[in-house]
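Visitor: below is the structure, and that's it, no one-letter string:
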């Protein structure tokens, strides 16, 4: 598949996704809009907006659907920040609900988050992870360090093994995630049922 294909009025598929540091106003605007959809509307963790003081110092990463060599639509985001020298945290991982089975968007966002921090001297990289996503992060070479309650929800403190995340010194180019070919539904839109994973690192 080399161009996007539309199987219904709700879902669009891309041949691949570019995961990079956000540097354009529309990328940043759409990233915050996606976070509001996921954390305010879907998960009801915040009433109107999830932004906080960390956003003033964080770097946003975005996943963009690729169409004929252009970035067509933002489908995922995460942010990283360094609260102390050598120690980085990732948070607010969100993937649009229509794209959670389209390739490895969430895992590629995590890979660039850690690898780009690694290139900037990161010595330890942590995240607060919802308990149901522990297995996903373990597959990505993260270990559980403890547990904590955030916004009334149980989370795990997890740390990435930097040996599996070689430094990426070109974060504005980032990585490309190839899409899995979608399966046509036999009845209705059953293929749109969504997994519980790839939603966020933390609230």
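Guide: Perfect, thanks for sending it. Please read all numbers here as calculations on a predicted model, not as lab measurements.

Visitor: now do the contacts for residue 51.
Guide: Counting by C-beta atoms under 8 Å, 6 or more residues apart in numbering, residue 51 touches 32, 35. C-beta coordinates here come from the backbone N, C-alpha and C atoms, glycine included.

Visitor: show residues contacting the longest helix seen in the chain.
Guide: Identified as the longest helix of the chain according to DSSP state H is helix 105-119. Outside helix 105-119, the residues within contact range by C-beta under 8 Å, 6+ apart are 17, 19-21, 59, 61, 63, 75-78, 80, 82, 88, 90, 93, 95, 99-100, 122, 125, 136-137, 140, 160, 162, 165-169, 171, 174-175, 177, 197-199, 201.

Visitor: are any of the residues you listed buried, and if so which?
Guide: Buried by 16 or more other C-beta atoms under 10 Å: 17, 19-21, 59, 61, 63, 75-78, 80, 82, 88, 90, 93, 95, 99-100, 122, 125, 136-137, 140, 160, 162, 165, 168, 171, 174-175, 177, 197-199, 201, out of the contacts of helix 105-119.

Visitor: and these, which of them are in strands?
Guide: Judged by DSSP state E, the buried ones among the contacts of helix 105-119 include 17, 19-21, 59, 61, 63, 75-78, 80, 82, 88, 90, 93, 95, 125, 160, 175, 177 as members of strands.

Visitor: wait, residue 145 sits on residue 158?
Guide: Yes - if you go by C-beta atoms under 8 Å, residue 145 and residue 158 touch, sitting 6.5 Å apart.

Visitor: what about the two, which has more around it?
Guide: Using other C-beta atoms under 10 Å, the more surrounded residue of residue 145 and residue 158 is residue 158, with 23 against 12.

Visitor: list the beta-bridge partners for that one.
Guide: With DSSP bridges as the criterion, residue 158 is bridged to residue 127, residue 144.
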